[in-house]
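Student: Please work out how this folds:
(2 chains)
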Amino acid sequence: MKSASESMTPLSEEAIPLREIGKLERFLGPEFYRIFRGVFTNPLSVIGISLILFFILVAVFAPFIIPPVKNADPFMIPRDGYAAAPLPPGTKWLRRPPELPFWYTPLTGSDEWVHIFGTSSGAWDIFYGLVWGTRTAIIVGVIIEGVTLLIGIIIGAVSAFYGGWIDEVLMRITEIFMAFPFIFAALTLSAVLTPRLGKGIWPPTIAIIAFGWMSYARLIRGDILSIRERDYIMAARVVGVSDLRILFKHIVPNAIYPTLVLASMDIGTLVISFAALSFLGIGTEVGYADWGQVISFARNYIGVFSKYWYIIVYPGIVLVLFVLGWNLVGDALRDIMDPKMRGNVRR
Amino acid sequence: MPATVETTPSSNILLKVENLKMHFPVFRGVFRRRVGQIKAVDGISFDVIRGETLGLVGESGCGKSTAGRTILQLYRPTAGSIILDGEDLSKIHGKALRHRRRKMQMIFQDPYASLNPRMTIGEIVSEPLEVHDTYRGKEKSERVAYLLQVVGLNPLYAGRYPHEFSGGQRQRVGIARALALDPSFIVCDEPISALDVSIQAQVVNLLEDIQKKMGLTYLFIAHDLSMVRHISNRVAVMYLGKLMELADRAEVYIDPLHPYTQALLSAIPIPDPVLEEQRKRVILTGDVPSPANPPSGCVFHTRCMYAERVCTDKVPDWREAHAGHWVACHFAERFIKTRGD
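Tutor: Have a look, this model is predicted:
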């Protein structure tokens, strides 16, 4: 309600000026633009995006940051002997060092490789493991997230759209999957799959997918159920739009955003789960460039933290930053999607 | 002016609704047992004459919106037939039914909810054209521009999203969408009740204009009695899933035969303080009974001041009390007599 003094001003002055709509907004559409704008104006999400971007750059340029040892599988961490005790950062690399990258000599003034972050128990190079492990993390994160999301969306959408006993059956199956404690279920399935598929990234990937899709299925089902009852869906039906087109043109584009937010927050967690399986020795073979492996090498020496801190601190920092990056972006997305925030972000 | 409609030739009847019933089942418990049903629409019959506006009024929850949606086959009716242009819509399905949608359209109540927020208004208005493949390419965009012009919007707005418009403008977009396929029959489901009073008149005038221009027939669902009086040729009154009275506008407003209609009309305020003070109101006691468990006999007997024994026992027939004036009340004739004509 307007107060009496305000109503004295002429109408034209009181009116809110029409907001000019830019090319980018027109191209992206109102919702995408709002998200886009929100993500790039919220300071926390800018930090998150920078972190993610940093990891992507590291993954892409891994061969330039630390080239693989000649004639070796680049995803296998090179080891400098077989010593059980870790070596501190800066120790000279004695046996079969990788080629020197272009940045090394200009930056350090030396032409001898050192173990930049030291070596872990078993003389595995930590720096190499972390840099190439970023590749593994991103590949695994994208594959797992993409497939889990797809499975979740399909199951949730079918369940919500057809309803009735199909919905009932699918949702009960979802609940059965949810009833398993995630890490134990993934561990067991991964252990079962390993002898069949061989050691590698596939057993843990499949195991995490198998027990990770349920929350997406439930979330999108709920959103579709609520969108389905909106007037514009009925309007589309009056006009004569087919069911399939209603589902994919009207319902899914309006229902999918919360699920995408959840997915972005989950990438970090998935990589942690993958690392956890690796740490427990299930999944990738010993020496595979993967953060979980690097941490698992430290297992026997964690007790002597004051002396061998570097075997746990460096991989720990990397994992924390990676998860933090995705969580910050996910948090920002969640805030932007919050209907109560709509007004604030739009203007 | 008691201008009674003479028995209309059947070719003039665009839509014939016969004994239409829409019951929604109620499920409860782990095994989703069917424990009852909501009788939202419980046996209504009426004709809609080509080119007229039939007003459908009633309290909220009386089933008037459900009736409109069932006629358009958005809900499949439990029983009864809906004959549009000689074809029973309740008997056709799938693709054939989607094809018939070109003839019948709907305008929705809430202009904020009835437009997909992620589509531009150009996309919204052209969707019917795409789905039925009636216009393509350049013709399609010309058609969209024409439609926007007809409803009083600048065609340059086609690239804008619904949130950039006011409520009245959005309702115009909804009207343009309904007009896209050149329908002959439009269900207006409370098209103005969500709008500002200052906008209501504009939208009603627009609806009247396009009706004249395009020869449309409206089923105008509303609860605003004065607005219905303004726009309708005939008025139907609904209560608890059943029709109570149907007659010419003048008949209904001047000589209502059903006690419920009389009560409704007595609630309209008169914009004259002297007359308003003398206005006699029929105050209804009690609430509308639940449509899950409607009263026996005449559904209105629980609140009717004239109710007698027969009203609890026997469902009154839906009959023509005199030419063109349909009513469902055992004592309707009594009210004709008191009028003394």
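Student: ok but A:Val329 is inside a strand, no?
Tutor: No - read with DSSP: H, G, I helix; E, B strand; the rest coil, A:Val329 is helix and lies in no strand.
Student: What is the neighbour count of it?
Tutor: Look at A:Val329: counted by other C-beta atoms under 10 Å in any protein chain shown, it has 25 neighbours. C-beta here means a position set from N, CA and C on the backbone, and glycine is covered the same way.
Student: Ok, A:Val304 next?
Tutor: Using other C-beta under 10 Å, the number of residues around A:Val304 comes to 12.
Student: Likewise for B:Pro256?
Tutor: Around B:Pro256 there are 25 other residues, counting by other C-beta under 10 Å.
Student: nearest residue to it other than its sequence neighbours?
Tutor: Nearest residue to B:Pro256, sequence neighbours excluded (C-beta to C-beta, 6 or more residues apart in numbering or on different chains): B:Gln262, at 4.9 Å.
Student: my guess is the one you found meets B:Val282, correct?
Tutor: Yes - taking contacts as C-beta atoms under 8 Å, B:Gln262 lies within contact range of B:Val282: 5.8 Å.
Student: Looking only at neighbour counts, state which of those two leads.
Tutor: Per other C-beta under 10 Å, whichever of B:Gln262 and B:Val282 has more neighbours is B:Gln262, with 16 against 13.
Student: Look up which helix or strand the more buried one falls in, please.
Tutor: Assigned by DSSP states H and E, B:Gln262 belongs to helix B:259-266.
Student: can you map out the helices along the stretch 151-300 of chain A?
Tutor: With DSSP state H, counting those that start in this stretch as the criterion, the stretch 151-300 of chain A has helices at A:164-179, A:182-197, A:202-210, A:214-228, A:231-239, A:243-245, A:252-255, A:257-279, A:291-297.
Student: Report the distance from the longest one to the chain centre.
Tutor: On the basis of C-alpha atoms, centre = their mean, to the nearest Å, helix A:257-279 is displaced by 5 Å from the centre of the chain it belongs to.
Student: again, but for stretch A:184-192
Tutor: The chain centre lies 21 Å from the centre of stretch A:184-192; the measure is C-alpha atoms, centre = their mean.
Student: next one: stretch A:278-295
Tutor: On the basis of C-alpha atoms, centre = their mean, stretch A:278-295 sits 19 Å off its chain's mean C-alpha point.
Student: now stretch A:63-80
Tutor: On the basis of C-alpha atoms, centre = their mean, stretch A:63-80 is displaced by 25 Å from the centre of the chain it belongs to.
Student: Start and end of that stretch, how far apart?
Tutor: With C-alpha to C-alpha, to the nearest Å as the measure, stretch A:63-80 spans 19 Å from end to end.
Student: what's it in contact with?
Tutor: For stretch A:63-80, contacts defined as C-beta atoms under 8 Å, 6 or more residues apart in numbering or on different chains pick out A:58, A:62, A:87, A:93-103, A:115, A:119, A:122-125, A:127-129, A:131-132, A:135-136, A:287-289, A:293-294.
Student: Select only the buried ones of those in ChimeraX?
Tutor: A single ChimeraX command selects the buried members of those (16 or more other C-beta atoms under 10 Å in any protein chain shown):
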select /A:58,62,87,93,97,98,115,119,122,123,124,125,127,128,129,131,132,135,136,287,288,289,293,294
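Student: can you tell me which of the contacts of stretch A:63-80 are up against chain B?
Tutor: The subset of those within reach of chain B, by C-beta under 8 Å from any C-beta of the partner chain, is empty.
Student: count of neighbours near whichever residue of the stretch 51-200 of chain A sits closest to chain B?
Tutor: Here the stretch 51-200 of chain A gets closest to chain B at one residue, A:Glu168, 8.2 Å apart by C-beta to the nearest C-beta. Neighbour count for A:Glu168, taken as other C-beta under 10 Å: 12.
Student: Kindly report the same for B:Pro273.
Tutor: 7.
Student: What of B:Phe31?
Tutor: By the measure other C-beta under 10 Å, the count of residues near B:Phe31 is 7.
Student: does it sit in a helix, a strand or a coil?
Tutor: With three-state DSSP as the criterion, B:Phe31 reads coil.
Student: And for the one 3 residues further on?
Tutor: State at B:Arg34, reduced to three classes by three-state DSSP: strand.
Student: near chain B, which residues of the stretch 151-300 of chain A?
Tutor: A:230-232, A:234-242, A:245, A:250, A:253-254.
Student: how does it look with 6 Å?
Tutor: Contacts of the stretch 151-300 of chain A with chain B, taken as C-beta under 6 Å from any C-beta of the partner chain, map to A:230-232, A:234-235, A:238-241, A:250, A:253.
Student: Tabulate these (JSON lines), appending pLDDT and neighbour count.
Tutor: Below are those laid out as JSON lines (pLDDT from 0 to 100; neighbours: other C-beta atoms under 10 Å in any protein chain shown):
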{"residue": "A:Arg230", "pLDDT": "89", "neighbour count": "19"}
{"residue": "A:Asp231", "pLDDT": "90", "neighbour count": "19"}
{"residue": "A:Tyr232", "pLDDT": "93", "neighbour count": "26"}
{"residue": "A:Met234", "pLDDT": "92", "neighbour count": "20"}
{"residue": "A:Ala235", "pLDDT": "93", "neighbour count": "26"}
{"residue": "A:Val238", "pLDDT": "93", "neighbour count": "25"}
{"residue": "A:Val239", "pLDDT": "92", "neighbour count": "24"}
{"residue": "A:Gly240", "pLDDT": "91", "neighbour count": "20"}
{"residue": "A:Val241", "pLDDT": "91", "neighbour count": "22"}
{"residue": "A:His250", "pLDDT": "90", "neighbour count": "23"}
{"residue": "A:Pro253", "pLDDT": "83", "neighbour count": "16"}
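Student: and of those residues, the nearest to A:Pro203?
Tutor: Set against A:Pro203, the nearest of these by C-beta to C-beta is A:Pro253 (35.4 Å).
Student: Burial check on the closest residue to the closest one other than its chain neighbours, number of neighbours?
Tutor: Counting by C-beta to C-beta, 6+ apart, A:Pro253 lies nearest to B:Arg118, which is 5.3 Å off, once chain neighbours are set aside. B:Arg118 is flanked by 17 other residues according to other C-beta under 10 Å.
Student: Could you give the secondary structure assignment for B:Arg118?
Tutor: Here B:Arg118 is coil, with the state taken from three-state DSSP.
Student: cool, B:Ala247 as well?
Tutor: Classified using three-state DSSP, B:Ala247 is strand.
Student: Chain A versus that one, what's the distance?
Tutor: 29 Å (C-beta to the nearest C-beta, to the nearest Å).
Student: That residue reaches B:His325, doesn't it?
Tutor: Yes - here B:Ala247 reaches B:His325: they are 4.1 Å apart, a contact under C-beta atoms under 6 Å.
Student: For the two, indicate the residue with more neighbours.
Tutor: Using other C-beta under 10 Å as the criterion, B:Ala247 and B:His325 rank with B:Ala247 on top: 28 against 23.
Student: coming back round to it: any idea which of the helices of the stretch 151-300 of chain A is most buried?
Tutor: helix A:291-297 (a mean of 26; mean count of other C-beta atoms under 10 Å in any protein chain shown).
Student: what comes into contact with it?
Tutor: A:120-122, A:124, A:129, A:133, A:275, A:278-279, A:315, A:319 (C-beta atoms under 6 Å, 6 or more residues apart in numbering or on different chains).
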